[in-house]
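Undergrad: whatever this is, show me its structure:
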Amino acid sequence: MKDELLCEVDEHDRVLGPRARGEVHRLGLRHRAVHILVFSEAEDILLQKRSRTKDINPGLWDTSAAGHVDWGESYDDCAARELSEELGITSRSPLPFLFKLPASAHTGWEFVQVYRVVHSGTLRPDPREIEECRWFACKDLDGWVRGPGIGLTTSFRRIWQTYRDIEALR
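TA: Numbering: from 1, shown residues only. You can find the predicted model right below:
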């Protein structure tokens with residue numbers, strides 16, 4: 001795996017400069033990521049089970065698509081790229097923006113920008129990234145997240161809780 005260059009950022013998400021991915025994670029530096037929630041027309045949500053070969057959270061259920069913002073890349077461009085690379089979904093950038101989480105231990109020191117997409121077409125999961133994809137009813141996922149959340153990534157649990165809190169206010 002090549003050590004891609006990410007954007008190291010400060011506590012206000014201002015870019016400090018390029019840093020190697022391995023270094024960012026090893027040193028716990030703040031950086032940027034995107035997560036895309038993919039919903040069906042019936043409002044089920046797609047989750048991916050991360051490949052067991054991943055260095056972070058292998059074999060755990062996670063957001064539909066997600067990834068690091070590369071050096072020189074915008075959040076919006078990254079979201080469109082990750083959606084295409086991981087699931088084979090082509091969408092115009094920018095995707096519909098939902099919210100942004102601050103960098104914290106819960107997010108692996110990532111500022112996380114979250115997007116929402118409705119998709120009813122074919123999925124082409126990348127087997128190097130994804131072991132399995134599955135649609136879940138939101139109410140079933142609510143119970144899983146509210147419980148011990150075994151098998152879910154910490155960042156996805158935080159994203160889902162925030163998403164449901166925002167939806168409850170609408």
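
Undergrad: tell me where this structure has strands.
TA: Listed in chain order, the strands of the chain (DSSP state E) span residues 5-9, 15-20, 31-39, 45-50, 61-62, 65-68, 97-101, 110-118, 130-136.

Undergrad: name the nearest residue to residue 66, sequence neighbours excluded.
TA: Beyond its immediate neighbours in the sequence, the residue positioned closest to residue 66 (C-beta to C-beta, 6 or more residues apart in numbering) is residue 35, lying 4.4 Å away. Quick note: C-beta positions are derived from backbone N, CA and C, even for glycine.

Undergrad: residue contacts, the one you found?
TA: Residues near residue 35 by C-beta atoms under 8 Å, 6 or more residues apart in numbering: 63-66, 112-115, 155-156, 159.

Undergrad: same deal with residue 30?
TA: By C-beta under 8 Å, 6+ apart, the residues touching residue 30 are 8-11, 13, 103, 109-111.

Undergrad: what's the answer for residue 136, then?
TA: So, once contact is read as C-beta under 8 Å, 6+ apart, residue 136 ends up touching 44-47, 144.

Undergrad: turn the strands of the chain into CSV, including distance to residue 76.
TA: Listed next are the strands of the chain as CSV, based on distance: least, C-beta to C-beta, whole Å:
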stretch, distance to residue 76
strand 5-9, 14
strand 15-20, 15
strand 31-39, 8
strand 45-50, 20
strand 61-62, 21
strand 65-68, 13
strand 97-101, 8
strand 110-118, 8
strand 130-136, 22
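
Undergrad: residue 149 is nearest to which of those?
TA: Between residue 149 and those, the shortest separation by C-beta to C-beta is 9.4 Å, and it involves strand 61-62.

Undergrad: mean confidence (pLDDT) on the closest one, please.
TA: For strand 61-62, mean pLDDT is 96.

Undergrad: so for the longest helix anywhere in the chain, mean pLDDT?
TA: If you go by DSSP state H, the chain has its longest helix at helix 154-169. For helix 154-169, mean pLDDT is 93.

Undergrad: what angle do it and strand 31-39 make?
TA: Following axes from the mean of the first three to the mean of the last three C-alpha atoms, to 10 degrees, one obtains 60 degrees for the angle between helix 154-169 and strand 31-39.

Undergrad: what's in contact with helix 154-169?
TA: Around helix 154-169, the neighbours that count as contacts under C-beta under 8 Å, 6+ apart are 35, 37, 47, 61-63, 66, 98-99, 101, 106-108, 110, 112, 114, 138, 141-142, 145, 149.

Undergrad: residue 129: what's it in contact with?
TA: Taking C-beta under 8 Å, 6+ apart, one finds 48, 50-51, 54, 85-86 in contact with residue 129.
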